[in-house]
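In: Sequence and predicted model, in that order:
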Amino acid sequence: MERIDELLSRSLKSNMRESALNRCNECPSDADLGLYAEGGLSRKRRAELEAHIAACLYCQDMLVVANKAIGGRRQGLLRMLAGRKWLAGCLLCFALSFFIPRYFMQFLIAALILGIRWATEGAKNVVMVYKELQRSRNREGIRK
């Protein structure tokens, strides 16, 4: 996956013309690009594709589309919850409150606290994105 990101960033930094966005005869099939994105090719075939992708804007574009298409499938439940640790903790405490009746209120309070933490974490991200958009607009206004 790091190799894909490296190839794409290198090609974006170079000044290739948009006329190169046409499929050429050497371009691999869409199935091969999909297998490459999923990591299902042999080392030899992978090296051949990487050499071609480094020089072909069409294949780079198709690779970006393939990565977006399979990106959702790669993320399992545990990985998704690991990225949302506060939500996972909240759900766990909520579920435990019903299975361990002796500590019902304690688990509910913990679930409430973790839920609030999860909600405010998302709000902080939204505020950070909004502030960055304002800064970039201000910088563009200064340049004009």
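Out: Received, thanks. Numbering: from 1, shown residues only.
In: Compute the number of surrounding residues for Asp30.
Out: A count of neighbours around Asp30, defined by other Cβ atoms under 10 Å, yields 12. The C-beta positions use only the backbone N, C-alpha and C, and glycine is treated the same way.
In: Next: Cys90.
Out: Neighbour number of Cys90 under other Cβ under 10 Å is 21.
In: Please enumerate residues in contact with the strand or helix carrying Trp86?
Out: Using DSSP states H and E, Trp86 maps to helix 85-99. Helix 85-99 has contacts (Cβ atoms under 8 Å, 6 or more residues apart in numbering) with 81-82, 103-108, 110-111, 114-115, 117-118, 121.
In: Tell me where the longest helix sits in this structure.
Out: Secondary structure of the chain read by DSSP state H shows that its longest helix is helix 104-143.
In: three-state assignment of Cys24?
Out: Under the three-state scheme (DSSP: H, G, I helix; E, B strand; the rest coil), Cys24 adopts coil.
In: my read: it touches Tyr58, true?
Out: Yes: contact criterion Cβ atoms under 8 Å: Cys24 and Tyr58 qualify, at 7.0 Å.
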